[in-house]
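> predicted model and sequence follow; I will ask about them next.
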Amino acid sequence: MIAVNEHIVIPEQDIIERAIRASGPGGQSVNKVSTAIELRFFIWACTALPDAVKQRLAKKRDQRITESGEIIIQAQ
């Protein structure tokens, strides 16, 4: 469980985590190993979020939120 605040807790199964290949220089290991992490969260599928919160998230102007309401975060 991921606590957003005292009223909202997001179940971990609502967040998809996967290893991906990082971009940029990497020497001999470049494009051979997955050295970055991608997190995906679909706003509309989360039952823990109230509808008002889903609406506010979906309206945000953020390049990490797709038109279909999926938040994609990559860390490398």
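Structure received. Residues are numbered from 1 along each chain as shown.
> give me the pLDDT for Q28.
Turning to Q28, the model gives it a pLDDT of 58.
> nope, L57 is what I meant
For L57, pLDDT reads 89.
> list the strands paired with the helix or strand bottoming out on mean pLDDT in the chain, with their directions.
Every helix and strand in the chain was compared by mean pLDDT, DSSP states H and E; the lowest is strand 2-3, with a mean of 88. Sheet pairing here is set by DSSP bridges, and for strand 2-3 it gives strand 9-10 (antiparallel).
> ok, residues contacting the partner strand?
M1, I2, A3, V4, F41, C46, A48, L49 (CB atoms under 8 Å, 6 or more residues apart in numbering). (C-beta placed from N, C-alpha, C; glycine too.)
> make it 7 Å
M1, I2, A3, V4, C46, A48 (CB atoms under 7 Å, 6 or more residues apart in numbering).
> need phi/psi at A48.
Backbone geometry at A48, expressed as degrees, to the nearest 10, gives phi -80, psi -20.
> just to check, it is in contact with E12?
No. The criterion here is CB atoms under 7 Å, and A48 misses it with E12 at 10.9 Å.
> okay, these two: which has more neighbours?
The residue with more neighbours, out of A48 and E12, is A48; 14 against 8, by other CB atoms under 10 Å.
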